[in-house]
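[1] Got a sequence here, can you build the structure:
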Amino acid sequence: HDGRIYVCDTRLAAIVVLDLEGREFDLWSPVDDGQLREPVNCAVDPADGRLFVTDTGRGEIVVFGPDRRFLGAFAGGEGARPVDVSVDDSLAWVADFGRSSVAAYDRRDFTPVRTLPADPADSAAALYGPMSVWAGPEAVYVSDFGAFHVQVYARDGTWLRTVGQLGRTPG
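    Next up is the predicted model:
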C-alpha cells in the first residue's frame with residue numbers, strides 16, 4: 001500500500017514495514033491495547049490506509065490507523081480463531097478457522113454483515129478449515145485447508161462453485 005509492504009512476524013509479535021520507495025525497513029511492535037501476540041496475516045484498507053492485522057494469539061483482528069495508532073479489535077469471541085483478513089471498499093472479510101466460516105464486517109465500525117456460507121445446511125458450500133480469504137469485486141475466494149479446495153461465493157454469500165480437489169500424491 002502506497003509503496004509499502006507489510007509483513008507479519010509471528011516470532012517477534014511485530015509488523016515489518018518495507019518502504020520500497022524510501023528503501024527503508026522498519027520493525028514495528030505495537031504496545032498497550034494494540035500489543036500483538038501472534039500476528040499471522042494483514043491487509044490494508046485501500047480507502048484510508050488502516051492496517052487490519054489477524055492475530056491468532058489474541059483471537060481477533062486488530063486495527064491500526066495510518067499513524068499506527070490502535071483503533072480497535074473485532075471478530076473475536078467464543079470459538080473464534082481468525083486466520084486471515086481481506087479488506088475492500090465496504091467490508092472486512094475474516095476467515096475464521098475456529099468457526100469454519102468467513103464473516104463479513106462493515107470496515108468502518110466492525111459490525112457483522114453476513115457469514116459465508118450463507119446456507120450452513122448446503123454441504124457443497126460448507127467450509128471445513130478456511131485458511132485464507134480474498135474478496136474481489138464479483139466474488140469471494142476462500143482456500144479451505146480442511147477440504148483441499150477453494151470455495152467461491154458471490155458477495156451476498158451465495159455459493160457459486162468449488163475449484164480444485166485433493167490430489168493423488170503429496171505435493
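[2] contacts and neighbour counts: CA atoms only from here.
    Will do.
[3] ok, the residue lying closest to Phe25 once chain neighbours are set aside to Phe64 distance?
    Setting aside the residues directly before and after it, Phe25 is nearest to Leu18 in space (C-alpha to C-alpha, 6 or more residues apart in numbering), at 4.9 Å. Computed as C-alpha to C-alpha, to the nearest Å, the Leu18 to Phe64 distance reads 17 Å.
[4] go on, Arg58?
    15 Å.
[5] surely Pro30 meets Ala14?
    Yes: judged on C-alpha atoms under 8 Å, Pro30 makes contact with Ala14 at a distance of 7.1 Å.
[6] Common neighbours of the two, please.
    Common neighbours of Pro30 and Ala14, using C-alpha atoms under 8 Å, 6 or more residues apart in numbering, are Leu36.
[7] Of the two, which one has the most company?
    Per other C-alpha atoms under 10 Å, whichever of Pro30 and Ala14 has more neighbours is Ala14, with 20 against 17.
[8] so the more buried one bridges to which residues?
    Beta-bridge partners for Ala14, by DSSP bridges, are Asp9.
[9] tell me the contacts of it?
    Applying C-alpha under 8 Å, 6+ apart to Ala14 gives the contacts 8, 27-30, 36, 39.
[10] Flag the shaky bits of this protein, pLDDT-wise.
    Applying pLDDT under 70 to the chain picks out residues 171.
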